[in-house]
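J.: below: sequence and its predicted model.
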Amino acid sequence: MIYRNLWIFILICNVFVIFDLTNQASSAQEWPQWRGPKRDGMITEFTAPQVWPDSLKLKWKIPVGTGHSSPVVTDGRIYIHTRQNEEEVVSCLNLENSELLWRKNYPVSYTMNSAATGHGKGPKSTPVLHGGKLYTLGISGILSCFDARTGALKWRKEFSKRFSNTSPLYGTAMSPLVEKGLLIAHLGGHDNGALTAFDVETGNVKWSWEGDGPAYASPIVVELEGTRQIVTQTQNYCVGISAVTGELLWRIPFTTMYDQNIVTPVLYNEMLIFSGVNKGTMAIKVIKKGNDWSTEQIWHNPKVSMYMNSPVLSGDLLFGFSPQRSGHFFCLDVRTGSTLWTSDDQQGENAAILSAEEVLFFLTNNAKLFVVKRNVNGFEPIIQYTVADSPTWAHPVILGNQILIKDASTLARWSVE
């Protein structure tokens, strides 16, 4: 009896170990939205090799279409939103071998603003995966919900009857988020839009804030002063909107040249970090007294600005990319806003940044992937890889030792081996 009970105990332990390892493997394969699992550019499952290889190993590379939208991943499947000719296409691929699992397309004619033709007709918004569904927002503002397993269209919204323009000046770029049963997206166009919450199942509108037109920044959801709120840059403001009711809680006037508010905010402790081209970088604190909301600027660094790049945190350090001096990387002490270092100039027009604690990844628009040591004293690249032969504006996705790179028209899976 003792031996029998012992074997049962061992079997149960093994089951839990296998279950735990399965969960770990599953979590390592999750990249469900803009900038990763927590929408902050943090890689949660990564172990740096003792020696970085001289080159990455290309596992596969396939044509998928144009656009700056980043891939999202769950359960061994990649989802990518692109443009092929005059259609927007949503594709589901096998992560392991790039096999096409399903494909959905719909016609979208679009004329780009002449100032942005070099960036193409999109899509620029990254989809979001949640609860077995995939939500996409196209260049012209078409919002769709697909069954992630089969590709079946669950619901779709287009807003030409509500707004005179259904996208801002340079095309829709904000990436939606899901918060407690609500899909939240900023819709409409220049001078006329609405941050709107939809029921994730039905697409029915739950609340709508019509205080400003959309910008190109993607929102985050945070809890400040005991209140869940959507924080983002709109066309003319930085705002905090109640995630439950859509009520405006606070706002700060914030405009950039050519109305290009793009940077995703970052939360550090109780401070929100904002930036914009030629606006420097600032940290604010949100304050509530009774029913009144206000903000206080904690610091402002006028020498470091971001344009299309969104920064990432690593401990008390803020890493970003400035377009000044033909592009350079920088590091700030996020507690004070002081500049700790800047890199050499002429690094490119933009860089997508991801943090894996002791190392960071900087992917420039000219397809250079820098692996950089977390360092307070200076820019310290460990190694540099070339990962495409065309521009890389989309964010990379890093899953364990696998790296997904979307360039002008293809998607590639690289491996660190």
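T.: Great, that's in hand.
J.: touching, T234 and S218? I think so.
T.: No - using CB atoms under 8 Å, T234 makes no contact with S218, being 11.9 Å away. Bear in mind the C-beta positions are built from the backbone N, C-alpha and C, glycine included.
J.: just the strands in the stretch 251-400 of the chain please.
T.: 266-268, 271-275, 281-289, 292-301, 312-314, 317-322, 328-333, 339-342, 351-356, 359-364, 368-373, 381-386, 397-399 (DSSP state E, counting those that start in this stretch).
J.: among those strands, which is nearest S164?
T.: strand 271-275 (28.6 Å; CB to CB).
J.: packing partners of that closest one?
T.: strand 266-268, strand 281-289 (3 or more CB pairs under 8 Å, 6 or more residues apart in numbering; DSSP states H and E).
J.: residues touching the first one, excluding its own?
T.: This points to strand 266-268. Identification of contacts with strand 266-268 by CB atoms under 8 Å, 6 or more residues apart in numbering yields 40, 220, 222, 231, 272-273, 283, 310-313, 318, 334.
J.: mind doing that once more with 7 Å?
T.: 40, 220, 222, 273, 311, 313, 334 (CB atoms under 7 Å, 6 or more residues apart in numbering).
J.: let me see the contact set for the fifth one.
T.: Pointing back at P311 there. 266, 273, 318-320, 353.
J.: for the second one, same thing?
T.: For I220, the contacting residues are 39, 231, 264-265, 267, taking CB under 7 Å, 6+ apart as the criterion.
J.: what does the last one give?
T.: Neighbour list for V334: 268, 273, 313, 316-318 [criterion: CB under 7 Å, 6+ apart].
J.: start and end of stretch 200-210, how far apart?
T.: 20 Å (CA to CA, to the nearest Å).
J.: one more: stretch 301-314?
T.: 19 Å.
J.: check stretch 104-118 too.
T.: 26 Å.
J.: returning to what we had before: nearest to P168, of the contacts of I220?
T.: Among these, T264 lies closest to P168 (CB to CB), at 15.9 Å.
J.: R325: neighbouring residues, count only.
T.: Residues lying near R325 (other CB atoms under 10 Å) number 12.
J.: now swap in N377 and tell me
T.: N377 has 8 nearby residues by other CB under 10 Å.
J.: and it, its phi and psi?
T.: With angles defined as degrees, to the nearest 10, N377 sits at phi -100, psi -20.
J.: if I look at it, how far off is D345?
T.: Using CB to CB, to the nearest Å, N377 is found at 19 Å from D345.
J.: repeat that for W52.
T.: Applying CB to CB, the value for W52 to D345 is 25 Å.
J.: so which of the two has more stuff around it?
T.: More crowded of W52 and D345, by other CB under 10 Å: W52, with 14 against 11.
J.: you'd agree N261 is up against S275?
T.: No - look at N261 against S275 with CB atoms under 7 Å: they stay out of range, at 9.8 Å.
J.: and these two? Which one has more around it.
T.: S275 (28 against 25).
J.: need the per-residue pLDDT for the more buried one.
T.: On pLDDT, S275 comes in at 98.
J.: oh, and call the first residue 13 from now on, that's how I've got it
T.: In the new numbering, first residue 13, that becomes S287.
J.: in contact with it, which residues are there?
T.: 275, 293, 317-318.
J.: F158: which of the contacts of I232 is nearest?
T.: Once CB to CB is applied, the member of the contacts of I232 that ends up nearest F158 is R51, at 20.5 Å.
J.: how close does the closest residue to the closest one other than its chain neighbours sit to R425?
T.: Nearest residue to R51, sequence neighbours excluded (CB to CB, 6 or more residues apart in numbering): I232, at 5.6 Å. Distance of I232 to R425, computed by CB to CB: 28 Å.
J.: now G132
T.: Counting by CB to CB, the gap from G132 to R425 is 23 Å.
J.: same drill for these two, tell me which one is more crowded.
T.: Shown here are G132 and R425; by other CB under 10 Å, R425 has more neighbours (24 against 20).
J.: what's the pLDDT at the residue nearest to that one when sequence neighbours are not counted?
T.: Leaving aside its sequence neighbours, R425 sits nearest to K71 (CB to CB, 6+ apart; 4.4 Å). On the pLDDT scale, K71 is placed at 98.
J.: look up how far V428 lies from K71.
T.: K71 is 11 Å from V428, by CB to CB.
J.: please name the bridge partners of L207.
T.: With DSSP bridges as the criterion, L207 is bridged to H198, W221.
J.: next, count neighbours for the closest residue to G349 other than its chain neighbours.
T.: The shortest distance from G349 to any non-neighbouring residue, by CB to CB, 6+ apart, is to W311 (3.5 Å). A count of neighbours around W311, defined by other CB under 10 Å, yields 18.
J.: is W311 bridged to anything, and to what?
T.: Residues in beta-bridge contact with W311 (DSSP bridges): A295.
J.: same question, C157
T.: Y147, W167.
J.: quick check, it in contact with T148.
T.: No - using CB under 7 Å, C157 and T148 do not qualify as a contacting pair, with a distance of 8.2 Å.
J.: neighbour count winner among the two?
T.: Neighbour count, other CB under 10 Å: between C157 and T148, T148 has more, with 25 against 22.
J.: quick one: that one and P393, what's the gap?
T.: Applying CB to CB, the value for T148 to P393 is 35 Å.
J.: which residues in the stretch 13-162 of the chain form helices?
T.: 14-40 (DSSP state H, counting those that start in this stretch).
J.: so what touches the helix or strand encompassing I242?
T.: Using DSSP states H and E, I242 maps to strand 239-245. With contact meaning CB under 7 Å, 6+ apart, strand 239-245 is reached by 196, 198, 207, 227, 229, 231-234, 251-256, 261, 266, 273, 275, 277, 284, 286.
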